[in-house]
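**Student:** coordinates only, sequence not included:
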């Protein structure tokens with residue numbers, strides 16, 4: 001066969017390259033679908049919505065909650081919780097998946 005047939009002379013290098021590419025994709029997917037990101041993002045979005053709703057409360061909503069602006073306080077709490085989850089994700093990212101030689105052979 002000629003040298004330009006598309007096959008490498010070192011198949012073990014090709015296998016190592018493919019394994020490292022798959023590990024990179026796996027790490028990216030695990031970071032993308034980390035529950036801290038999903039929960040934190042949802043709490044921030046809903047916290048913004050509820051906080052905006054609580055900025056100008058109606059008299060009837062204040063009467064129902066006995067004078068406490070429950071939307072404002074709940075929105076702020078949701079924002080803080082969402083920021084906590086996102087900060088946790090930023091400070092302690094998901095470690096890369098370690099593949100042992102035994103798992104590679106399986």
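**Tutor:** Noted; the coordinates are in hand. Given the structure is predicted, the values throughout are model-derived calculations rather than measurements. Numbers count the residues shown, from 1 in each chain.
**Student:** going by C-alpha atoms from here, please, whenever you check contacts or count neighbours.
**Tutor:** Noted.
**Student:** taking the mean pLDDT, what do you get for the helix or strand where residue 62 lies?
**Tutor:** Using DSSP states H and E, the element containing residue 62 is helix 59-64. What helix 59-64 shows for mean pLDDT is 89.
**Student:** check stretch 78-97 too.
**Tutor:** 89.
**Student:** just the strands from the chain, written as ranges.
**Tutor:** Counting by DSSP state E, the chain has no strands to list.
**Student:** look up the closest residue to residue 57, ignoring the ones flanking it.
**Tutor:** Leaving aside its sequence neighbours, residue 57 sits nearest to residue 69 (Cα to Cα, 6 or more residues apart in numbering; 7.0 Å).
**Student:** quick one: pLDDT of that neighbour?
**Tutor:** What the model reports as pLDDT for residue 69 is 94.
**Student:** my read: it touches residue 58, true?
**Tutor:** No: contact criterion Cα atoms under 8 Å: residue 69 and residue 58 do not qualify, at 9.5 Å.
**Student:** which one's more surrounded, the two?
**Tutor:** residue 69 (18 against 11; other Cα atoms under 10 Å).
**Student:** contacting residues for the more buried one?
**Tutor:** 54, 57, 61, 62 (Cα atoms under 8 Å, 6 or more residues apart in numbering).
**Student:** do that again at 10 Å, thanks
**Tutor:** Counting by Cα atoms under 10 Å, 6 or more residues apart in numbering, residue 69 makes contact with 54, 55, 56, 57, 58, 61, 62, 63.
**Student:** are any of these buried, and which?
**Tutor:** residue 54 (16 or more other Cα atoms under 10 Å).
**Student:** can you put the contacts of residue 69 in a markdown table and add distance to residue 73?
**Tutor:** A markdown table is the format used below for the contacts of residue 69 (distance: Cα to Cα, whole Å):
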| residue | distance to residue 73 |
| --- | --- |
| 54 | 8 |
| 55 | 10 |
| 56 | 13 |
| 57 | 12 |
| 58 | 15 |
| 61 | 13 |
| 62 | 12 |
| 63 | 16 |
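**Student:** closest to residue 88 out of the contacts of residue 69?
**Tutor:** Nearest to residue 88, judged by Cα to Cα, of the contacts of residue 69 is residue 54 at 27.1 Å.
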